[in-house]
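> Okay, predicted coordinates and the sequence, questions at the end:
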Amino acid sequence: MHEKLVSIFLAPEFRKILQKLADLASPRQWPEKILHPLIWTLEFVAIPCLILLAVFGVSLLLRKEYHYRIRKPKLEVIPAKIDLFLAEILFMDFPIDQISDEVIRFKNQIPFHRNWCENLVLSKFLDLKRNVYDLNLDAVSRIYSGFGFENRSAELINNPDPYQIKLGIRQIQILELKSKRREIRNIWQSNQDDLESTSLIALIALADNNLEALQHYRGPMPLSDEIRILEILERNPSCIPNNIHKLLRSNNPSLIVLGIKIMGINNNRVSLERTKRLLKHSCPKVRRATIRQLSSWAPAYTVELLIETYKRENESSIKTLIIQLLALQGNQSSLSFARICFIRERDPLLKFELLKCIQALDKRYFESLDANRIPDHYLVSEMINHIKETQ
Amino acid sequence: MELTKDFLFGLQFFGALYAVCYLISYVSLGVFSVRALRIYNKKKPFAYNEILKKSEHTLGVSIIAPVYNESETAIYSIKSLLAQEYAKFEVIIVNDGSTDNTLELISTVFQLEQIPYYKPSQIPTQKIKGCYRSKNPAYSRLMVLDKVNGGSKADASNAGINASNYPIFICTDGDSILRKDSIAQLIRPFIEEKTRVIATGAMIRISNACVFTDGALTQSNFPSNFLARFQELEYIRSFLFGRMALGHINSLLLVSGGLGMFDKEIVIKAGGYWHKSLGEDLELVTRMRIFMHEQKEEFLVDYIPETLCWTEVPSNLNIFIRQRARWGRGLVQTLFQHRNTLGSPMYGRTGLLAVPYFFFLSSVSLY
């Protein structure tokens, strides 16, 4: 091996390659015409420039830090002042007609003319409006216009930059400016990927008993949008329309899932026929969401439907969910079903869930069970020990 | 003599060429990082962490933290994990056969009692000796597994994955402190993206000189120890220039073992952590990426440019060298293990971008 390596190393071809690389790399081989200007440029241009740049950068940073430290005590006071002012004016039953004058007086107490300060006031105002429900909308609107923000959201949503448009939509949504719904609908219909989610959520938040925007939704809906829509509807159930059933007939599985969840929030019922159809839907997410609603949609048929679905289901996670629901809502027929299934089931995860279900429905079952007669009885005994102690 | 001279010239040429490539790649990474940061900052005003804190419709997350002889730091760390602000999560602490009093200490502080344990093993691990839950309802989210030492963090993490009840899990260290909104931040790509996200990572900073109260950071200080200072800078370089940029172009191969969120289903299908690996975090993400390419499924490995985790780093030269050598060996081992992906178009960005980057820039620069 060693000799072979030495022979490669001493081979003329290898030496030639090395020589070529060396010729290329060594500045001694470079023509004078290139070498002199290169050294001159390095010596008198590149290196001094880099040093100057570094010195300039460091001084800039030091200057910034110095100014920040000088202004720090002043800056720290301003957010507290804004908080106090907004709290006083919104929560202390301030006379509505004096709000504008108070806002103008307050603007003179802070550096409102500076952009950062104006943005800070706006962001604090929006945060307050977003986090406190049932604020006096008249007072909110007077403060908003008193600070001169009224045209800001309009300017933002007409901006070509999608980020600015999103900021504008967010302001409109938080301030509940229902008059701007048409502009938001136009943005939503422009089908820009960046704006789709923000505009859809704003439309739902501003809509009165109308989920029209949802019916035209195409493609899968991200879970984040679903969570935000459900949060809006949970907080404000009056937004939930009466014709929510329409969503269940959609071709888009994401909308069906959302519809099922909204109906869950609103305690709406669905016909048995529709429920059965949803349980046979090709999308597992739809089946899973329907199974979760079964006890409120078809209380008399829950166990029967769960067992039927289990028999034709292929998804292990849905089967697990069914067994867990049977354990909660089960009766004698679900117990018999679980007993038979547990003997047949090969998947240890499902077997485990079935045992948990049996224990929940009949606490004495394992006392009379001869584990030796069950296939994989060591595993089953281990499972039973765990279940007995944890339940 | 002549030959040595030739060889040295060749080496010089290679060094120069390599340095130029290295600088160019770092400038490009810098550009990508700035872009990624801008995009992230533009998303910030639209954060909805408040909703995630209380929404029952969100995805459940299991936090898995293996501990081995960490009696000094484990309590703080567990408290920080339990203080997470998120609606659906559980904390699984895996005591990997500690020889000190880690388990006893955790048991006392969190009022644990032993319960029989069985969970079907989806990834093979060493035997579980016991399972503990707290008698105190305040710690109802906590589960502690005591297992036979498997000789690696990978084995303990796999035991935690087997025991987890939720579809997403976070893997962290027993000595790491998490920010309260870590889950809410890390989960966002999983619930926002239309493409399947298989893992997310975030920035990790050094906790050596920081002050923590009840598992939460109260004061952040620059370390006084030279080695810790060096590592602070090195971490920033690695996270800001490397991972943020690579995450932006979906070529991230490494989600740090200190803090990473994973799709459990894909991790199990890919075979879980490899317990013989010296860099199990890098190896797992590489294997998950390869698995997704082989399944011909689109996927993302995302990066959150926020410091969500603080971890203790070695302030002793010997431990530091040992840790770095292990990381280096782990990198080479992983690249060698998956050498068939290098330059292969079948593995998309993993084969054409991520693996070549780690091979030519990270592993070669080690030497």
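That came through, no problem.
> CA atoms of stretch B:234-242 as CSV?
Below are the C-alpha coordinates for stretch B:234-242, written out as CSV (Å, rounded to 0.1, in the frame of the first residue of the first chain):
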residue,chain,number,x,y,z
GLU,B,234,-19.1,31.4,17.0
TYR,B,235,-22.8,30.5,17.8
ILE,B,236,-23.9,33.8,16.4
ARG,B,237,-21.9,33.2,13.2
SER,B,238,-23.2,29.7,12.8
PHE,B,239,-26.8,30.5,13.4
LEU,B,240,-27.0,33.9,11.7
PHE,B,241,-24.9,33.2,8.7
GLY,B,242,-25.3,29.4,8.3
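> Where does pLDDT dip in the stretch 151-300 of chain B?
For the stretch 151-300 of chain B, not a single residue meets the criterion pLDDT under 70.
> Same question for stretch A:143-157: list its buried residues.
Within stretch A:143-157, the residues that count as buried by 16 or more other Cβ atoms under 10 Å in any protein chain shown are A:143-144, A:146-147, A:149, A:152-153, A:156-157. Backbone N, C-alpha and C define where each C-beta goes, glycine included.
> repeat for stretch A:161-174
For stretch A:161-174, the buried set under the neighbour-count rule, 16+ other Cβ under 10 Å, comprises A:163, A:165-174.
> Quick check: which of those are also close to chain B?
With the criterion set as Cβ under 8 Å from any Cβ of the partner chain, the members of the buried residues of stretch A:161-174 near chain B are A:163, A:166-167, A:170.
> Return the backbone torsion pair for residue B:271.
When quoted as degrees, to the nearest 10, the phi and psi of residue B:271 stand at phi 110, psi 0.
> what do you get for residue B:90?
Main-chain dihedrals, residue B:90, degrees, to the nearest 10: phi -140, psi 160.
> Across the sheet, point out what pairs with it.
On DSSP bridges, the residues paired with residue B:90 through beta bridges are residue B:62.
> who touches it in this structure?
B:60-63, B:141-143, B:164-166 (Cβ atoms under 8 Å, 6 or more residues apart in numbering or on different chains).
> Model confidence for it, exactly?
Residue B:90 is assigned a predicted lDDT (pLDDT) of 95.
> So is the longest strand along chain B next to chain A?
If you go by DSSP state E, chain B has its longest strand at strand B:299-311. No: for a cut-off given as Cβ under 8 Å from any Cβ, strand B:299-311 has no contacts with chain A; the smallest distance is 12.5 Å.
> Okay, buried residues for the next helix or strand after that strand please.
For strand B:299-311, the succeeding helix or strand toward the C-terminus, using DSSP states H and E, is helix B:317-337. Residues of helix B:317-337 classed as buried: B:320, B:327-328, B:330-335 (neighbour count, 16+ other Cβ under 10 Å).
> same deal with stretch A:124-131?
By 16+ other Cβ under 10 Å, the buried positions in stretch A:124-131 come out as A:125-126, A:128-129.
> before we move on, back to that, dump the ones next to chain B among the buried residues of stretch A:161-174 into CSV; add secondary structure and pLDDT as well.
Formatted as CSV, these follow (DSSP: H, G, I helix; E, B strand; the rest coil; pLDDT from 0 to 100):
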residue, secondary structure, pLDDT
A:163, helix, 89
A:166, helix, 90
A:167, helix, 89
A:170, helix, 88
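> Max pairwise distance over these: which two?
Pairwise distances across those (Cβ to Cβ) peak at 10.7 Å, for the pair A:163 and A:170.
> name the helices or strands packed onto the longest helix along chain B?
The helix of greatest length in chain B, counted in residues with DSSP state H as the criterion, is given as helix B:2-43. With contacts defined as 3 or more Cβ pairs under 8 Å, 6 or more residues apart in numbering or on different chains; DSSP states H and E, the packing partners of helix B:2-43 are helix A:12-25, helix B:244-248, strand B:299-311.
> Let me know which of the ones you listed is the nearest to residue A:199.
Each of the helices and strands packed on helix B:2-43 was checked against residue A:199 via Cβ to Cβ, and the shortest separation belongs to strand B:299-311, namely 23.8 Å.
> Work out for me the element the residue in the stretch 151-300 of chain B positioned nearest to chain A sits within.
For the stretch 151-300 of chain B and chain A, the shortest gap (Cβ to the nearest Cβ) falls at residue B:191, measuring 3.9 Å. Using DSSP H and E, residue B:191 maps to helix B:182-192.
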